[in-house]
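J.: have a look; sequence and predicted model below, questions after that.
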Amino acid sequence: MESSDTHFLKDLLVFQNTINEELIRSMHVYQLENGKENEVERGFLFSVSGSYMEIEANPALFLLKFRPSEVFEGLMNGFWLCIFAYHADRSPHLACIPSLLSISRNPKLKSVPTLSGDLQIILELGCRREDSEPSQFAEEETCQENYVNYHQSKKSLPILHQDLNCLPYPASMSELSEDQHKEQCSTGIVDNKKKRAASEHIASIALSDLAKYFDLPITEASRNLKVGLTVLKKKCRELGIPRWPHRKIKSLDGLIQDLQEEAKRQQQENEAAAMAVAKRRRMLESEKENIERKPFMELQTETKRFRQDVFKRRHRARALRNHGLSISINQLI
């Protein structure tokens, strides 16, 4: 980044995640002294109960099909909603700044100076322009226009059902096979096709409904939910679930079962070790509950390491059993 006296803020876009509203992304476009533009993307965690912090942000908003100067409040990009858009070639309208991004109404913004600094610049610029142009009719008209654009954008603009924190999803074979199945039905080839699930039923499915079947394979879950496999996959994408968590839940159940057996053995030999095993079991059960609530979470590093140790211990036990079996067979021969 250049020093502050060699650039000025040209555009500032702030997006909020519609799945996890604590996640905020911002794109800053700076006009450099040499005429070039420098685009900087930042990520933030706006914790409700704690302080704000800046987090590592991979360049995901660059997937926008619009230039930054064309983005307005209300624009949806995947699971990200634009809640604030500033452009230097237009007057900033202070009444349109949401409370979340208002430094005077949200003092916690000061803990993320990379964002609050540019917001402060916009605030000061807006105050100077309001002093020179006292009429507020244009401001109210623009706010109303942004409000209308927001609702129109939800109806007219294409919504990219792609979480910017994940890689793009390829077209699955199940989706292709369903399209082929449609064509067969239209020509009368298939007569006994099941009826499609009602749109109201699909729309009513919430994350809590899916969580009841996370311990089942996705095909069984779709049957229990009375929707097609492709419909369930699309619903998962809308709710921010990149992969059905059945394998993670099954793996955690296996680890918990191993710990239960280990606790029974250790309880007779070493009480302190048994307490450590019980503590790890509680941690795994807590992690399982967290994944059921937020299935997009990855397993913790400590859990992965422990799972690897369990796999090694099982492999050694099988090798010892096989070795003992081969010795007994040789003795019989």
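T.: Here it is on my side, so go on. Residues are numbered from 1 along each chain as shown.

J.: what residue is smack in the middle of the chain?
T.: Gly240 (5.4 Å; CA atoms, centre = their mean).

J.: list the contacts for that residue?
T.: Shown in contact with Gly240 (CB atoms under 8 Å, 6 or more residues apart in numbering): 19-20, 79, 163, 296. In this view, the C-beta of every residue, glycine as well, is placed from N, C-alpha and C.

J.: neighbours around the closest residue to it other than its chain neighbours, how many?
T.: Excluding the flanking residues, the one nearest Gly240 by CB to CB, 6 or more residues apart in numbering is Ile19, at 4.1 Å. Counted with other CB atoms under 10 Å, residues neighbouring Ile19 total 17.

J.: mind jotting down where the helices sit in the stretch 151-300 of the chain?
T.: 173-186, 199-204, 207-211, 218-225, 229-238, 246-269, 271-293 (DSSP state H, counting those that start in this stretch).

J.: what do you get for the stretch 1-150 of the chain?
T.: 113-132, 137-156.

J.: which of the ones you listed has the lowest mean pLDDT?
T.: Among these, helix 137-156 carries the lowest mean pLDDT, a mean of 48.

J.: nearest to Arg314, of the helices of the stretch 151-300 of the chain?
T.: helix 246-269 (8.6 Å; CB to CB).

J.: the closest one versus helix 218-225: what angle between them?
T.: 100 degrees (axes from the mean of the first three to the mean of the last three CA atoms, to 10 degrees).

J.: setting aside sequence neighbours, what's the nearest residue to Thr303?
T.: Glu287 (6.1 Å).

J.: oops, could you answer that again for Ala273 instead?
T.: Gln266 (4.6 Å).

J.: mind checking how far the one you found is from Lys304?
T.: 23 Å (CB to CB, to the nearest Å).

J.: where does the protein have low pLDDT?
T.: Across the chain, residues meeting the criterion (pLDDT under 70) sit at 1-6, 60-66, 92-95, 130-197, 268-269, 325-333.

J.: that older thread, neighbour count winner among Gln266 and Lys304?
T.: Gln266 (18 against 12).

J.: leaving out chain neighbours, which residue sits closest to Ile55?
T.: Gly43 (4.7 Å).

J.: so the one you found bridges to which residues?
T.: Gly43 has the following beta-bridge partners by DSSP bridges: Arg25, Ile55.

J.: sorry, back to before: how about the contacts of Gly240 in CSV, adding distance to Arg321?
T.: Listed next are the contacts of Gly240 as CSV, based on distance: CB to CB, whole Å:
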residue, distance to Arg321
Ile19, 47
Asn20, 47
Phe79, 49
Asp163, 45
Phe296, 39
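
J.: quick check, the residue nearest to Thr303 in contact with Leu252.
T.: Yes. Using CB atoms under 8 Å, Glu287 is in contact with Leu252, at 6.7 Å.
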